[in-house]
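Enquirer: quick one, fold the following:
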Amino acid sequence: MLLTVLLGLTAAACWGAPDVWLAQATRSVGPFPVVFGSVLIGAAAIAPAAFFVDPPEWTTRAVLLAVLLGALTACGYQAGFIAFKHGSVSIVAPIIACEGAVAATLAIAGGEHLRGSILVLLGLAVFGVLLAAMGEGGGRSGAVPAAVAACVWG
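Expert: Residues are numbered from 1 along each chain as shown. Have a look, this model is predicted:
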C-alpha cells in the first residue's frame, strides 16, 4: 500500500510539474501548436524503443481502437491546453487531475470494487476542486475545457 501511494505521488508530481511551462507556451503560441509539438517531441523520444519490442499483431479491431483512442486523446489534450490558455493553472491543473475520479467511476461501473475510504477521499477531492473552480481568481474560464479534458483522459 505504501509503495502504491509513493508511486502515485511520484506520477502526480511528474505529470503536474510541466503544467506551468505548458500554460506559458499555450498562452504564447496557442493550444494547437503546443499539442502538435508535444506529440512530435514525445514520438521522437519514444521512437527508438520500437527497435527493442516485437511488432504488434495488427487486427482491424486494434487499428480502429488505436485510431479512435488517438483522436480522443488528441481532443483531450486540445481541451486541456485551451483550459491552460484561458484559465488559471492553480484551478485548471486540479480539475484535470480529477481524471482519476473519472477512471475510478468507470472502474466501478465495470465491476471493480473500491474500499469505502477511497470513495470518500475521491469525493472530497472532486468537491474541493469544484469549490476552487467556483471561487474568484480567473479560473472559471478554463474550468469547462479542463473538465472535458479530465473526462476524456479518465
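Enquirer: residues in contact with the helix or strand hosting residue 145: which ones?
Expert: Assigned by DSSP states H and E, residue 145 belongs to helix 140-153. Under the contact criterion Cβ atoms under 8 Å, 6 or more residues apart in numbering, helix 140-153 has outside partners 72-73, 75-77, 79-80, 82-88, 91-92, 95-99, 101-102, 133-134. Yep, even glycine has a C-beta here, placed from its N, CA and C like the rest.
Enquirer: among those, which ones are in helices?
Expert: Using DSSP state H to define helices, the subset of the contacts of helix 140-153 located there is 72-73, 75-77, 79-80, 82-86, 91-92, 95-97, 99, 101-102, 133-134.
Enquirer: out of the contacts of helix 140-153, which end up buried?
Expert: 76-77, 79-80, 82-88, 91-92, 95-99, 101-102, 133 (16 or more other Cβ atoms under 10 Å).
Enquirer: where does the prediction get shaky in the protein?
Expert: Along the chain, segments meeting pLDDT under 70 span 133-140.
Enquirer: residue nearest the middle of it, spatially speaking?
Expert: Centroid-nearest residue in the chain: residue 153, 4.8 Å away (criterion: Cα atoms, centre = their mean).
Enquirer: roughly how far does it sit from residue 48?
Expert: According to Cβ to Cβ, to the nearest Å, residue 153 stands 26 Å off from residue 48.
Enquirer: can you check residue 98 too?
Expert: When distance is defined by Cβ to Cβ, residue 98 is 34 Å away from residue 48.
Enquirer: and for residue 119?
Expert: According to Cβ to Cβ, residue 119 and residue 48 sit 41 Å apart.
Enquirer: and residue 22, what does it touch?
Expert: Residue 22 is in contact with 34, 38, 81, 84, counting by Cβ under 8 Å, 6+ apart.
Enquirer: now, of the residues you listed, which are buried?
Expert: For these, a burial check counting by 16+ other Cβ under 10 Å picks out 34, 81, 84.
Enquirer: the first one is in contact with residue 27, isn't it?
Expert: Yep, that's residue 34 we're talking about. No. The pair residue 34 / residue 27 is not scored as a contact, 9.5 Å apart, by Cβ atoms under 8 Å.
Enquirer: residue 19: neighbour count?
Expert: A total of 17 residues lie near residue 19 under the criterion other Cβ atoms under 10 Å.
Enquirer: actually residue 124, sorry about that
Expert: Residues contacting residue 124 under the criterion other Cβ under 10 Å number 10.
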